[in-house]
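1. Just need the structure, nothing else, for what follows:
(one chain, ligands or ions: 1)
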Amino acid sequence: MNSICLIEDEQKVASFIRKGLEEHGYDVAAAENGMEGKKLLGSKKFDVVIMDIMLPDINGIELCRSIRTNDTETPILMLTALNQVHDKVSGLKAGADDYLVKPFHFSELLARLEALMRRNKGKEDDHLLVFEDLKLDSWTKTAERSSKKIALTAKEYTLLELFMRNPNKILSREYIAEQVWEIGFDTGTNFIDVYVNYLRKKIEKDFKSKLIHTVIGMGYILKHDGK
Ligand code: CA
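-> Next comes the predicted model:
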């Protein structure tokens with residue numbers, strides 16, 4: 001369930017937002033001022049922060065800046081009153097990701113929230129390369145196929161990363177040698193084939209389909225195993 005931290009001192013606005021979000025399956029934790037908001041944010045990780053600029057104890061822009069000193073990731077949506085629209089620039093500069101002018105329709109708030117979460121999700125997944133049921137994680141340097149973890153050596157990892165960054169493309173032995181070993185390919189050796197076979201054993205042996213295919217006279221290709 002997506003969790004929202006709502007920092008808003010106006011009771012009416014706060015309950016309008018909370019009610020709407022809960023109806024749409026969100027988990028909402030609310031704070032009525034900046035201090036409470038900070039405490040809430042320190043207690044767990046939220047998917048999005050919605051906060052008002054005019055808070056009783058601290059200016060929302062200050063609060064936003066302070067949140068950003070130790071959390072650069074959680075998207076922040078600022079709420080501003082119509083006569084404070086000039087604050088939106090300061091808000092965005094302070095690290096907010098979007099703003100909404102009060103009064104607003106709930107559907108607009110929902111659309112903005114969903115867009116912010118999609119954007120953030122994309123960022124989180126940046127380190128994952130995916131091809132069919134195979135995943136490669138550039139943070140942990142490990143592969144996973146059909147949820148089964150596969151340990152790789154450094155060279156196997158680099159080789160697989162090259163294939164996964166170039167799916168459905170024939171990679172010649174010359175190209176693989178340059179990219180993975182940073183050397184020119186010597187036709188007298190077969191170490192590329194040896195490594196490709198090590199890799200195949202790890203990512204194909206216990207699974208139903210092949211991923212890396214040999215293209216005779218050309219090289220190798222990562223593609224769907226169309227039988
Ligand atoms: Ca307010």
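
2. list the contacts for R112?
-> The neighbourhood of R112, defined by CB atoms under 8 Å, 6 or more residues apart in numbering, consists of 77, 98, 100. No exception for glycine: its C-beta is placed from N, CA and C like everyone else's.

3. the helices in the chain, which residues?
-> Remark: helices of the chain, listed N- to C-terminal, are 11-23, 34-43, 60-70, 87-93, 106-124, 154-165, 173-176, 191-204; assignment by DSSP state H.

4. Kindly reformat those as CSV containing distance to E182 and mean pLDDT.
-> As requested, the helices of the chain are arranged in CSV below (distance: least, CB to CB, whole Å; pLDDT from 0 to 100):
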stretch, distance to E182, mean pLDDT
helix 11-23, 52, 96
helix 34-43, 45, 94
helix 60-70, 39, 92
helix 87-93, 43, 80
helix 106-124, 30, 86
helix 154-165, 10, 95
helix 173-176, 11, 93
helix 191-204, 13, 95
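
5. Which stretch among these approaches R145 most closely?
-> For those, proximity to R145 was assessed by CB to CB; helix 191-204 is nearest, at 5.9 Å.

6. I'd like the distance from the closest one to the chain centre, please.
-> Once both centres are worked out by CA atoms, centre = their mean, to the nearest Å, helix 191-204 turns out to sit 30 Å from its chain's centre.

7. near the ion, which residues of this protein show up?
-> Counting by CB under 5 Å from the ion, the residues of the chain lying close to the ion are 9, 52, 54.

8. Show the buried residues in those.
-> Among the residues of the chain next to the ion, those classed as buried by neighbour count (16 or more other CB atoms under 10 Å) are 9, 52.

9. for the residues of the chain next to the ion, which one is nearest F185?
-> If you rank these by distance to F185 using CB to CB, D52 comes first, at 62.0 Å.

10. Wait, the closest one touches D9, no?
-> Yes - when contacts are counted by CB atoms under 8 Å, D52 is listed as touching D9 (6.5 Å).

11. list residues touching both of those two?
-> Between them, D52 and D9 share no contacting residue under CB under 8 Å, 6+ apart.

12. ok, back up a step: make JSON lines from the contacts of R112 and add pLDDT and neighbour count to it.
-> JSON lines is the format used below for those (pLDDT from 0 to 100; neighbours: other CB atoms under 10 Å):
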{"residue": "L77", "pLDDT": "96", "neighbour count": "21"}
{"residue": "D98", "pLDDT": "92", "neighbour count": "18"}
{"residue": "L100", "pLDDT": "92", "neighbour count": "18"}
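
13. ok, so of these, who is nearest the ion?
-> Nearest to the ion among those: L100, at 13.3 Å, using CB to the ion.

14. can you pull the contacts of that closest one?
-> Counting by CB under 8 Å, 6+ apart, L100 makes contact with 77-80, 108-109, 112.

15. how close does it sit to E114?
-> Counting by CB to CB, to the nearest Å, the gap between L100 and E114 amounts to 13 Å.

16. before we move on, what about E182?
-> The gap separating E182 from E114 is 44 Å, by CB to CB.

17. more crowded one of those two?
-> Set side by side, E182 and E114 show unequal neighbour counts under other CB atoms under 10 Å, the larger going to E114 at 13 against 7.

18. Quick check: the residue located most distally from the centre of the chain vs K141, distance?
-> No residue in the chain has its C-alpha farther from the mean C-alpha position than G188, which lies at 43.6 Å (CA atoms, centre = their mean). According to CB to CB, G188 and K141 sit 31 Å apart.
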